[in-house]
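Asks: pasting the sequence and the predicted model now:
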Amino acid sequence: MQASRFRWHIVIFLAPAVIVYTAVMIFPLFNTLRLALYTDVDQVRTFIGLGNFNRLFGDPRWSEQFWNALGNNFKFFFIHMLVQNPIGIALAAMLSHPRLRFAALYRSAIFIPTILSFVIVGFAWKLILSPIWGIAPSMLDAVGLKSLFAPWLGKEAYALVTLSLVSVWQFVGIPMMLIYAALLSIPEEILEAGEIDGITGINAFWKIKLPLILPSIGIISILTFVGNFNAFDLIYAAQGALAGPNFSTDILGTFLYRTFFGFQLQLGDPYMGSAVAGTMFAIILVGVCIYLFGIQTRMRRYQL
Amino acid sequence: MNKARTNPVSAAAMHGALILYTLIALFPVFVILINSFKTRKAIFREPLSLPSSDSFSMIGYETVMKQGDFFLYFQNSMIVTVASLFFILLFGSMAAFALSEYRFKGNLVMGLYLALGIMIPIRIGTVAILEMMVATGLVNTLWSLILVYTAQGLPLAVFILSEFMRQVSDDLKDAGRVDGLSEYTIFARIVVPLVRPAMATVAVFNMIPIWNDLWFPLILAPAEETKTLTLGSQVFIGQFVTDWNAVLSALSMAILPVLILYVIFSRQLIRGITSGAVK
């Protein structure tokens, strides 16, 4: 019917979004992957194939920091999975209880840390945990646990765990909200049917609700994965670009920043920076693929 | 009806747990805010008490006002956030309309192409983005940030808005066509007003990450006159580490705008998340 006439309005509707998205996101993404294959020889851009990656994974000057950052990043991720998501699910389960009073109030209050910037969160916790100010030690003293206090952010052994927990504190609102939404969408009849069969209270949660919200748990897991492997701000705000003490809180984002921009005695290297970014891209891509093809398609979905 | 599901003991336990977590969530914010209004002595002597007539002091805020150009930072953050949201909504809804309304060759591929960016963070391309901004002279301008945030926000915006636009009844649009309205008028006068709630959701989702971002302001626009509030407070606090009054006041000043926005928009945000916009 309209085949003879070219529908220009479709092009006009699509063009701005496609142009901005392609020019500022997709093109630089591939260009960064391409730059990872080059290096600087006497100020001339020279192709060296996978040389940068060889240095990154094998040359002790780079690899030591890289593997440290990667390992820390996995710890950062596992702490989120083990602490943030279960707490988020538990909070959502309580909030979705039909007779609970003040649910909206709790929900809004618990979500507040999520809207704060990393700078605020990083510094606020740094001050609170600081031995100089003494809020944390005096609060522990009040419950008789003062001996447990240590300057957590300043100790290599604890700093990463502490920052991970701060990050959990900040972002617990996101799994909470998504799971809450999933729980609300479970029809009343299913729960009533369960009740007739004698499944109530906590049993109803484990046997009926949890299997039904598994797809949402999958989504929060992949969101956590992507967010964690791309994290930077909190560590930078709390510990600076050097991710101290002694790189114990270094993750891929801070490592990328240092590699790209340099710090103190080391000069920035955009090509090595691209190689780090390329590695992050590969990790995130693998994670997303595992989720899309390995988990999402196999998950049993129930028609509600 | 469903009395079996609530007994008073478990209700009390739930309230206990929720109150405890609410306290954990709010405590740091509360401590920062109350201490920003105290004298240095009181900050250290009684960090947990409210400011009294004795301990009340605005000295921190005075230092911040004198030293940092927070009004400029605030203005920069406002410009960047509002402009980015405007472009995300305008371009996003146009593209979403094209994808949801017309059947054309490549529709599915285009949709998938635009959806790629939902999962892949734009930060990965930072090296090339900086190179491009330097080459085009946009570095240290607010435009560089606006462009990046627009590109970053578009994928999810297109995805959510096209889901909602599919639900707009065809009869309405066809009636418009019969009346001789152009496709552009149908988009602007019929479809956009109907998906306004979805657009508000997209705006609220994008607002917070843009306002709070530290990475791109640090890399693309670190100059004094283009600093955003987030970067400005980061730098300010870094310089004034030992001046506790100033640090606490700067933190409070950074918290307040977001908190006010949240109070205004929290309904929209929560409704957006729970209505399944991101499922």
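Replies: Done, it's in.
Asks: in the stretch 101-250 of chain A, which ranges drop under the pLDDT threshold?
Replies: Low-confidence segments of the stretch 101-250 of chain A, defined by pLDDT under 70: none present.
Asks: what's the local residue count around the residue of it found nearest chain B?
Replies: Per Cβ to the nearest Cβ, A:Ser117 is where the stretch 101-250 of chain A lies closest to chain B, at 3.7 Å. In short, each C-beta sits where N, CA and C put it, glycine included. Residues within reach of A:Ser117, counting by other Cβ atoms under 10 Å in any protein chain shown, total 28.
Asks: and what of A:Arg101?
Replies: Residues near A:Arg101, counting by other Cβ under 10 Å, number 11.
Asks: am I right that it sits in a strand?
Replies: No - counting by DSSP: H, G, I helix; E, B strand; the rest coil, A:Arg101 is not found in a strand; it is coil.
Asks: list phi and psi for it.
Replies: Listed backbone geometry of A:Arg101 is phi -90, psi 160, with angles given as degrees, to the nearest 10.
Asks: tell me the contacts of it?
Replies: Residues counted as contacts of A:Arg101 (Cβ atoms under 8 Å, 6 or more residues apart in numbering or on different chains) are B:His15.
Asks: for A:Leu95, see how far away it is.
Replies: 11 Å (Cβ to Cβ, to the nearest Å).
Asks: give me the nearest residue to the residue of the stretch 101-250 of chain A closest to chain B, chain neighbours excluded.
Replies: By the measure of Cβ to Cβ, 6 or more residues apart in numbering or on different chains, the closest residue to A:Ser117 outside its immediate chain neighbours is B:Asn212, 3.7 Å from it.
Asks: the one you found against A:Phe118, yeah?
Replies: Yes - in this structure B:Asn212 lies within contact range of A:Phe118 using Cβ atoms under 8 Å: 6.7 Å.
Asks: where do the contact lists of the two overlap?
Replies: Common neighbours of B:Asn212 and A:Phe118 (criterion: Cβ under 8 Å, 6+ apart): A:Asp233, B:Thr230.
Asks: enumerate every residue touching A:Ala124.
Replies: Contact partners of A:Ala124, counting by Cβ under 8 Å, 6+ apart, are B:Pro28, B:Val29, B:Val31, B:Ile32, B:Leu251.
Asks: how about it, secondary structure?
Replies: Taking three-state DSSP as the rule, one finds A:Ala124 in the helix state.
Asks: you'd agree B:Thr81 is up against B:Ile210?
Replies: Yes - B:Thr81 lies in contact with B:Ile210 (Cβ under 8 Å); the separation is 5.0 Å.
Asks: neighbours around A:Ala104, how many?
Replies: The number of residues packed around A:Ala104, counting by other Cβ under 10 Å, is 13.
Asks: same check on A:Ile48?
Replies: A:Ile48 sits with 16 neighbouring residues when counted by other Cβ under 10 Å.
Asks: pLDDT score for it?
Replies: The model reports A:Ile48 with a pLDDT of 87.
Asks: list the contacts of the closest residue to it other than its chain neighbours.
Replies: The spatial neighbour of A:Ile48 that comes closest, neighbours along the chain excluded (Cβ to Cβ, 6+ apart), is A:Thr39 at 4.9 Å. Contact criterion Cβ under 8 Å, 6+ apart gives A:Arg45, A:Thr46, A:Ile48, A:Gly51, A:Asn52, A:Tyr271 as the residues in contact with A:Thr39.
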